[in-house]
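Undergrad: Give the three-dimensional model of this entry:
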Amino acid sequence: MSESADYQKGVAAYESGDYASALREFKSLTEQGNGTAGYYLGFMYRNGKGVLQDHKTAVKWYRLAAEKGNADAQFNLGGMYVEGKGVIKDFVYAHMWWNIAALSVGKDAPKNRDLVAKRMNSNQIEKAQKLARDCVRKKYKGC
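TA: All right, here's what the predicted structure looks like:
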């Protein structure tokens, strides 16, 4: 079975509420390097869908997906940092991830980035922008 078929199987399981099957499919795909599947795992752990809610584990999966260039995971990492869920609250990293997500995804990334910037000083904003540039340059590895 192809990776695409396995992914569709995971999505179908998730949408039907069969979270155990979705978890199994998405974990397997994420271990094979599928960023979108990693995003789903992060979402499942963040919201307690078929697993105990665990924000640290959600951040782990979101980060793996973000490193694969998944803009939704990058967007959600921004939210985790601004809320301090699974990570220490950090507006610099929230700004960085939303800045990166804004490059790929319409969503609310630019709006969220600009809102958090209002709570930051100019040095923090400069640091976040530099981190975002460095992260993009490194193709999202080690951000």
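
Undergrad: where does the chain have low pLDDT?
TA: Low-confidence segments of the chain (pLDDT under 70): 1-3, 106-107.

Undergrad: Please enumerate the helices of it.
TA: 3-15, 19-31, 35-47, 55-67, 71-83, 91-102, 109-117, 122-137 (DSSP state H).

Undergrad: Report all helices and strands that the first one contacts.
TA: The one in question is helix 3-15. helix 19-31, helix 35-47 (3 or more Cβ pairs under 8 Å, 6 or more residues apart in numbering; DSSP states H and E). Just so you know, the C-beta spots here come from the backbone N, C-alpha and C atoms, and that holds for glycine as well.

Undergrad: highest average neighbour count across those?
TA: helix 35-47 (a mean of 23; mean count of other Cβ atoms under 10 Å).

Undergrad: what's next to that helix, contact-wise?
TA: Residues outside helix 35-47 that contact it (Cβ atoms under 8 Å, 6 or more residues apart in numbering) are 7, 10-11, 14, 19, 22-23, 25-27, 29-30, 49-51, 53-55, 57-62, 64-70, 72-73, 76, 80, 85-86.

Undergrad: Stretch 52-72 too?
TA: 30, 33-39, 41-47, 51, 73-74, 76-77, 80, 85-87, 97, 100-101, 103-105, 107, 109, 139-141, 143.

Undergrad: can you rerun that using 7 Å?
TA: Stretch 52-72 is contacted from outside by 30, 33, 35-36, 38-39, 41-42, 45-47, 73-74, 76-77, 80, 85-87, 101, 104-105, 140-141, using Cβ atoms under 7 Å, 6 or more residues apart in numbering.
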